[in-house]
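Peer 1: any chance you could fold what I've pasted below:
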Amino acid sequence: MTDFHARPGQGVEGYDVTGRLGTDYYAVFADIPGEDRAVWERAQGFIDEVGTRMQEAWDTGAYPIDIATRLGELDLLNDGIEHPALTRFSPLAAGLVNMEVSRGDGSLGTVVAVQGGLALRTLALFGSPEQQDTWLAKVARSEVLASFALTEPDHGSDSVSLETSARRDGDEWVLNGAKKWIGNGASGGITFVWARVDDEGADVHGSVRCFLVEQGRVGYVGTVIAGKASLRGIHQAHITLDDVRVPLDAVLPGTKSFKDASTVLYSTRSGVAWSALGHATACYEAALQYSQQRVQFGRPLAKFQMVQERLANMLEDLTAMQLYCRWMADLETAGELRPTQASLAKYHNTRAARRIASTARDMLGGNGILLENGVMQHMVDIEAIHTYEGTESVQALLIGRDITGMSAFV
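Peer 2: Numbering: from 1, shown residues only. Predicted coordinates for the structure are as follows:
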């Protein structure tokens, strides 16, 4: 505000707490190869370009489609997917993009996860050559927004029990069912719908397969979910499918069972761990900067013992999160990352991010709930990533099954 001047009881206009500090206490990212660092810097530039608008969009619950498409224009959606038609990102570069975009805005981090991690990966792994020729480049460049429709209103953690059906009728498939929490599901683009085949007598009867559905198809209705307190800068949809007819070649031929959906989810789980790291970094650095600028009882908060202890506790969590992510990327680069190792990283990092965000919000006092300071927005956005791609309980059961050899799933 250009007309600000100090008055009794108001010596400062506000606090500058959202800048990057490059926190890396153990030099976890000091040796990043130049090619990966260039991708990271491109993501930083993107956030610098759109940050203010995204803060406004989050506040109003708007989804600025042009910003989502900008991610594709900057070629930031690869997410480590290997395909000859896509720019190759190392697992480390893909992770750094997830981290940096989420550090700037959680809704945009979810765009990366949906458009790249879920939709683009599904098409690249399982699509036919014809499907890929038609759609792959368009999805990678965000010329067409894409969604991944697995979760149903009645089936979240037990998505393996999905009830959406695909019935063959002559030279068409007929889809019926409902999906919920589908990012980009009402964007006017395409949706990868996972459905159970209803074809009595056929070998594929009862199997789960994926279908490429253009959202303009008759019977497809995507309704934006209102009233969200998290990830307000991206629209998620409640989708209904009433006798939606698609051609026989709409099925992705590489999908044969629910295990194929799990393959996609396992691959994106590491991205959520990186995303949590981005949120936590923003919260820690905001708290540190605020403690250095905010004066109470005649001295900066940073000079108080309790504040320094809290900052040390936050840095402990943050450094552990960085180590998880870097080692996970190295394992994936070597082809040695197991799905449950990604689950453990997601399990640890979203829990740690919640602790850091809560402490940061408390340290900022009343200023902690202002969107301009970032912490509150990150705090509530972390609640969403803590849940999606497998809840805390699901991750624990996956890890528990791996270490005990016994399944506790019902």
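
Peer 1: now do the SS call for residue 176.
Peer 2: Classification of residue 176 by DSSP: H, G, I helix; E, B strand; the rest coil places it in strand.

Peer 1: just residue 187 next, same as before
Peer 2: What three-state DSSP gives for residue 187 is coil.

Peer 1: give the contact list for it.
Peer 2: 65, 145, 147, 215, 222, 235 (C-beta atoms under 8 Å, 6 or more residues apart in numbering). C-betas here are computed from N, CA, C, even on glycine.

Peer 1: among these, which ones are in strands?
Peer 2: 147, 222 (DSSP state E).

Peer 1: distance-wise, check the nearest residue to residue 54 once chain neighbours are set aside relative to residue 229.
Peer 2: Spatial nearest neighbour of residue 54, chain neighbours left out: residue 105 (4.3 Å); criterion: C-beta to C-beta, 6 or more residues apart in numbering. Per C-beta to C-beta, to the nearest Å, residue 105 is found 16 Å from residue 229.

Peer 1: out of the two, which sits in the busier spot?
Peer 2: residue 105 (29 against 10; other C-beta atoms under 10 Å).

Peer 1: wait, the more buried one sits on residue 56?
Peer 2: No. Look at residue 105 against residue 56 with C-beta atoms under 8 Å: they stay out of range, at 10.9 Å.

Peer 1: in this structure, where is pLDDT below threshold?
Peer 2: In the predicted model, the chain carries pLDDT under 70 at residues 1-2, 410.

Peer 1: tell me the domain ranges of it?
Peer 2: Listed domain ranges for the chain are 34-140, 146-257, 259-404 (source: automatic domain parsing).

Peer 1: could those domains be laid out in a markdown table, adding distance to residue 19?
Peer 2: Output for the domains of the chain, formatted as a markdown table (distance: least, C-beta to C-beta, whole Å):
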| stretch | distance to residue 19 |
| --- | --- |
| domain 34-140 | 10 |
| domain 146-257 | 21 |
| domain 259-404 | 7 |
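
Peer 1: of those domains, which is nearest residue 6?
Peer 2: Minimum separation from residue 6 across these (C-beta to C-beta) falls at domain 259-404, 12.7 Å.

Peer 1: can you give me the end-to-end distance of the closest one?
Peer 2: The first residue of domain 259-404 is 22 Å away from its last residue (C-alpha to C-alpha, to the nearest Å).

Peer 1: starting at the chain centroid, how far to that domain?
Peer 2: 13 Å (C-alpha atoms, centre = their mean, to the nearest Å).

Peer 1: now stretch 191-209
Peer 2: 28 Å.

Peer 1: pull out the buried residues from that stretch.
Peer 2: Burial within stretch 191-209, assessed by neighbour count using 16 or more other C-beta atoms under 10 Å, is assigned to 191-199, 204, 207-209.

Peer 1: start and end of it, how far apart?
Peer 2: 13 Å.

Peer 1: ok, now stretch 200-219?
Peer 2: 24 Å.

Peer 1: how distant is that stretch from the center of its chain?
Peer 2: Taking mean C-alpha positions (C-alpha atoms, centre = their mean), stretch 200-219 and its chain are 26 Å apart.

Peer 1: that older thread, could the contacts of residue 187 be laid out in TSV, adding neighbour count and distance to residue 244?
Peer 2: Below are these laid out as TSV (neighbours: other C-beta atoms under 10 Å; distance: C-beta to C-beta, whole Å):
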residue	neighbour count	distance to residue 244
65	17	23
145	27	18
147	26	14
215	22	10
222	24	11
235	25	20
